[in-house]
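Asker: Predicted coordinates and the sequence they were generated for:
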Amino acid sequence: MLFFTNDDINAVLTMRDCIDTFEQTYRDVAAGHAVNGRRSDMITTTAHPNAVYQLKMVGAVVPRYAVGAIRINSDILSFPVIQGKARKVKVPAASGNRWVGLVMLFDTATGAPLALFPDGVMQRMRVGATSGLGVRYLARPDARRAAILGSGWQAGAQAQALAATRDVERLVVYSPDVARRTAFAGELERQLMLPVQPAASAEQAVKDADIVLCATNSLQPVLSPQWLRPGMHVGSLRVGEIDTRTLTAFDRVVVHDRGNMRDDHLVVAEGIDHREKTSPLPTTLAAAPSLAELVSGRAAGRTGDGELTAFLNYHGLGYQFAAAGALLLEKARVAGRGRELPDEWFTQDVHS
């Protein structure tokens, strides 16, 4: 049984490796060779004012890697209005102002635990890699100019995915906070070694972009249909970033997973007015192809340079943690990363 830190994960996983691994995994998903567990988000009151408690779980088994995985998050969620937009913000309420998210891997040959690690870097990599697959299959091959709306933790991974899938010549970033977007642009420029410019508005950021990736914590639209141009590819990480009216402007929309688009994974205690409870997207996108269908060739990707495409990277799937976790195990063992924990801590000599 190995324990990995976020630093261990950051040291051995690359975005390109994750994208390639996910590509094969989603082909397995399309072929029915993997099992995804039903996502569950349980929301109740909490002692913190203007916030709720959420216990979130998702799991899967991917036989190709002989791995089962479960991810658990224990979160305090707040919904502040920042610069006119309602946002979803996780409160670092655990000791030391920290967040709580864990992933555990199991061996499908023995049932024994293989690894335990925090979900922070893994979550970032799996979201970025999934968006990267969307870019790989839906963006124009000659796309060179890109924009990112957002400047947070996930926005950085979107930039990594762009760099891993297209020869980006210029990247423009926007978020409402001037200092934050300027610092973010400088950080990306150093990391990716390509020109990165902060923009004064979202409209300015996307003006000449071939690829636009939305990576915000906004619960309200951040992209206007008037800004879209033929040939553009747009990605989104959160329900609400792109409204239904804007989605109708696209020639081709691919969703992460149709079965995971619904909001029935949310179980909200009585009396809580939870802002993510309903969404028109399940009805609007009921027939949209999934990423697994796209990657496996069962659904068409981009068919022309003038097509306007979108990939909605909504709601995590357990497959991602199993596949990326198996990749982590392989690379960490070679690199000698991780701390051994006694198996008997996680196994027992009785059973129910």
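Answerer: Yep, it's here.
Asker: Touching, Leu291 and Asn260? I think so.
Answerer: No. Counting by C-beta atoms under 8 Å, Leu291 stays clear of Asn260, with 10.5 Å between them. The C-beta positions use only the backbone N, C-alpha and C, and glycine is treated the same way.
Asker: more crowded one of those two?
Answerer: Between Leu291 and Asn260, counted using other C-beta atoms under 10 Å, Leu291 has the larger neighbour count: 26 against 18.
Asker: quick one: contacts for the more buried one?
Answerer: Going by C-beta atoms under 8 Å, 6 or more residues apart in numbering, Leu291 touches 26, 130, 133-134, 254-257, 311.
Asker: Spatially central residue in this protein, please.
Answerer: Val127 (2.5 Å; C-alpha atoms, centre = their mean).
Asker: Just confirm that one is within a helix.
Answerer: Yes. Counting by DSSP: H, G, I helix; E, B strand; the rest coil, Val127 is found in a helix.
Asker: and it, how far is that from Ala161?
Answerer: 9 Å (C-beta to C-beta, to the nearest Å).
Asker: what's the answer for Tyr53, then?
Answerer: According to C-beta to C-beta, Tyr53 and Ala161 sit 31 Å apart.
Asker: more neighbours, those two?
Answerer: Using other C-beta under 10 Å, the more surrounded residue of Tyr53 and Ala161 is Ala161, with 27 against 18.
Asker: Is that one in a helix, a strand, or coil?
Answerer: Following three-state DSSP, we place Ala161 in the helix state.
Asker: Quick check: closest non-adjacent residue to it.
Answerer: Excluding the flanking residues, the one nearest Ala161 by C-beta to C-beta, 6 or more residues apart in numbering is Gly132, at 3.4 Å.
Asker: Wait, a helix at the one you found?
Answerer: Yes. Counting by three-state DSSP, Gly132 is located in a helix.
Asker: these two touch, right, it and Arg166?
Answerer: No. In this structure, Gly132 is not within contact of Arg166 by C-beta under 8 Å, at 9.4 Å.
Asker: more neighbours, the two?
Answerer: Between Gly132 and Arg166, Gly132 has the larger neighbour count (other C-beta under 10 Å), namely 30 against 22.
Asker: and that one, what does it touch?
Answerer: Gly132 neighbours (C-beta under 8 Å, 6+ apart): 15, 18-19, 22, 161-162, 164-165.
Asker: Kindly format the C-alpha coordinates of the helix or strand in which Gly235 is found as PDB.
Answerer: Element membership for Gly235 (DSSP states H and E) is strand 233-236. Only the C-alpha atoms of strand 233-236 are listed here, as PDB (Å, rounded to 0.1, in the frame of the first residue of the first chain):
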ATOM      1  CA  HIS A 233     -13.700  25.300 -30.600                       C
ATOM      2  CA  VAL A 234     -15.000  26.000 -27.100                       C
ATOM      3  CA  GLY A 235     -14.600  24.000 -23.900                       C
ATOM      4  CA  SER A 236     -16.400  24.400 -20.600                       C
END
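Asker: just use 45 as the starting number from now, easier for me
Answerer: Right, with 45 as the first residue, what we last looked at is strand 277-280.
Asker: May I see the buried residues of the helix or strand following it?
Answerer: Per DSSP H and E, the first helix or strand lying C-terminal to strand 277-280 is helix 288-291. Neighbour-count burial for helix 288-291, counted by 16 or more other C-beta atoms under 10 Å, picks out 290-291.
Asker: Report the next helix or strand after helix 288-291 in sequence order.
Answerer: Once helix 288-291 ends, the next helix or strand along the chain (criterion: DSSP H and E) is strand 296-299.
Asker: Against which helices or strands is that following strand packed?
Answerer: Judged by 3 or more C-beta pairs under 8 Å, 6 or more residues apart in numbering; DSSP states H and E, strand 296-299 is in contact with helix 164-182, helix 335-340, strand 353-356.
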